[in-house]
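Enquirer: Sequence first, predicted coordinates after that:
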Amino acid sequence: MATIESYVLPPKLYRYRSLKEFDREMEAIEDGYLFCAAYHTLNDPMEGLFSSSQNLRESADYRAVRRSITDNKSHLGMCSFSEVRNHELMWAHYADQFKGICISYNFLKLRQSLPAAVSFVRMFYNETVPTIHRSKKDPSQLAKMILSYKNYRWLYEREWRMFAPLGKASYRSNACVARVYLGARIKDTDRNRITDRLKRLKIKTRDMTIDKYSISFEARSKTASEKH
């Protein structure tokens, strides 16, 4: 059988965040953790759906297998990232209509800083839900496989998903956060508070600028008071 190799990994991964829970988002960066949620709390109601093959349905342990997969799914924590930082729909949907932020993570440093039990997967997009066959695979592996599928309409997200125990996954090293990008509609008060808090961690911020249909990010110009 031929092998599967992955020669290219993204150097950065990005998380789009709303600032409606400002202190919570800042504390996650300052304390060095990623919150891993249960699949049924995510915004896609199709998360975790799957079908069973005929040979599985006809097996004596069919119900036990499905129960075990469902149980494993419910105990998995997930955290979502994107390969891109400048996608308009992502800013609109996940960063409060450009009023939020996008956190850039150094993917290598993040992987090195997280516990060995944590894993990453690049999402697979398809027109149908995954099908489970009779298999010797552990139910936890099958649960992760199912949760690595999404409907092809979500393809624009270019998602990488992190699997970990439910709750906080600590990485602690501030070096994992490469930069924080600020949305074009962010409140001035939020911009100033973020910049001040991240400056203590030596994490730089960049302001979004919009030129026609193009997004770019620039270093913030110092105000007159900051120059003195």
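Expert: Arrived safely, thanks for sending. Numbers count the residues shown, from 1 in each chain.
Enquirer: would you say residue 91 is within a helix?
Expert: Yes. Applying DSSP: H, G, I helix; E, B strand; the rest coil, one finds residue 91 inside a helix.
Enquirer: dump the residue contacts of the residue nearest to it when sequence neighbours are not counted.
Expert: Closest residue to residue 91 apart from its sequence neighbours, by Cβ to Cβ, 6 or more residues apart in numbering: residue 98 at 5.0 Å. All C-beta spots, glycine's among them, are computed from the backbone N, C-alpha and C. Neighbouring residues of residue 98 by Cβ atoms under 8 Å, 6 or more residues apart in numbering: 91-92, 183-186, 208.
Enquirer: okay, which residue is most central for this protein?
Expert: residue 80 (1.7 Å; Cα atoms, centre = their mean).
Enquirer: now that one, what's its secondary structure?
Expert: Reduced to three states by three-state DSSP, residue 80 is strand.
Enquirer: roughly how far apart are residue 80 and residue 37?
Expert: 9 Å (Cβ to Cβ, to the nearest Å).
Enquirer: swap in residue 130?
Expert: 20 Å.
Enquirer: Check residue 211 too.
Expert: Taken as Cβ to Cβ, the span from residue 211 to residue 37 is 35 Å.
Enquirer: More neighbours: those two, which one.
Expert: Neighbour tally, residue 211 and residue 37, criterion other Cβ atoms under 10 Å: the higher count belongs to residue 37, 14 against 7.
Enquirer: Contact partners for that one?
Expert: 77-79, 166.
Enquirer: Closest one to residue 147 out of those residues, please.
Expert: residue 78 (6.6 Å; Cβ to Cβ).
Enquirer: Now do the contacts for the closest one.
Expert: 36-39, 42, 147, 161-164.
Enquirer: Filter those residues down to the buried ones.
Expert: 36, 38-39, 147, 161-164 (16 or more other Cβ atoms under 10 Å).
Enquirer: Rebuild those as a markdown table, extending it with pLDDT, secondary structure and distance to residue 69.
Expert: What follows is these, written out as a markdown table (pLDDT from 0 to 100; DSSP: H, G, I helix; E, B strand; the rest coil; distance: Cβ to Cβ, whole Å):
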| residue | pLDDT | secondary structure | distance to residue 69 |
| --- | --- | --- | --- |
| 36 | 97 | strand | 19 |
| 38 | 96 | coil | 15 |
| 39 | 94 | helix | 12 |
| 147 | 97 | coil | 10 |
| 161 | 98 | strand | 17 |
| 162 | 98 | strand | 20 |
| 163 | 98 | strand | 14 |
| 164 | 97 | strand | 19 |
